[in-house]
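Asker: What follows is a protein structure lacking sequence information:
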C-alpha cells in the first residue's frame with residue numbers, strides 16, 4: 001500500500017507535473033541503482049537500466065493502481081528490464097551478485113592462506129552456480145537471501161503467488177546444494 005506522500009507525488013505526476021517526476025527520480029533512483037547493481041555487477045549497466053525504468057514509469061504512471069508501494073512498482077519494472085537485458089544478451093546471466101550477505105554461512109573465512117583460498121574458491125563456485133540458475137529462480141533467491149525481502153514482497157515484485165515464490169526459492173537452494181555436492 002502506498003504512503004500519503006507517494007499518493008500526492010503520483011497524483012502530481014499523473015497530472016503532468018515534471019517537477020514531481022524529477023523529485024520521485026531523485027528520491028528513488030539511488031535505491032533502485034543499488035538494488036540493480038546486485039544483479040548486474042555493473043554500476044554503468046544498472047544506471048542504464050534505472051534510466052530505462054524511469055522512462056517506463058513516466059510512460060506508464062497512469063497504470064499504477066496503488067496496490068503496492070510506489071518503490072515496489074518501480075523496482076518491479078527495473079527488475080523486469082534487468083531480466084530482459086540478460087535474456088536478450090548472448091552472455092546471458094553474466095553479472096550475478098557477489099555481495100550475498102549469507103555467503104558467510106557457506107564459506108568460513110579463516111586466518112590461514114589455505115582456508116582463504118578454499119573460501120574464495122567456494123565463493124567463485126557459488127557465483128557460477130547462481131549464473132546457471134534460471135532467471136526466475138535466481139531473482140527470487142537473491143531477493144530473499146541478498147535483500148532480505150519477505151515472501152509477500154517478492155511475490156509483489158515478481159507479480160506471482162507467494163506459493164510460487166516459495167517454490168522458486170526452495171528449488172534454487174536445492175539446485176545450489178546439488179552443485180556443491182557434485183564438487184565435494
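Answerer: Thanks, I have the structure now. In this text, all values refer to a predicted model and were calculated from it rather than measured experimentally.

Asker: Now for residue 125: which residues touch it?
Answerer: 179-180, 183 (CB atoms under 8 Å, 6 or more residues apart in numbering). (Glycine included, C-beta is placed from N, CA and C.)

Asker: Count the neighbours of residue 14 for me.
Answerer: Residues near residue 14, counting by other CB atoms under 10 Å, number 13.

Asker: Neighbour-wise, which one of the contacts of residue 125 leads?
Answerer: Of the contacts of residue 125, with other CB under 10 Å as the count, residue 179 tops at 17 neighbours.

Asker: so what's that one closest to, chain neighbours aside?
Answerer: Nearest non-adjacent residue to residue 179, counting by CB to CB, 6 or more residues apart in numbering: residue 129, 4.5 Å away.

Asker: pretty sure that neighbour contacts residue 178?
Answerer: No: using CB atoms under 8 Å, residue 129 makes no contact with residue 178, being 9.1 Å away.

Asker: Which one's more surrounded, these two?
Answerer: Taking neighbours as other CB under 10 Å, residue 129 and residue 178 compare with residue 129 leading, 20 against 10.
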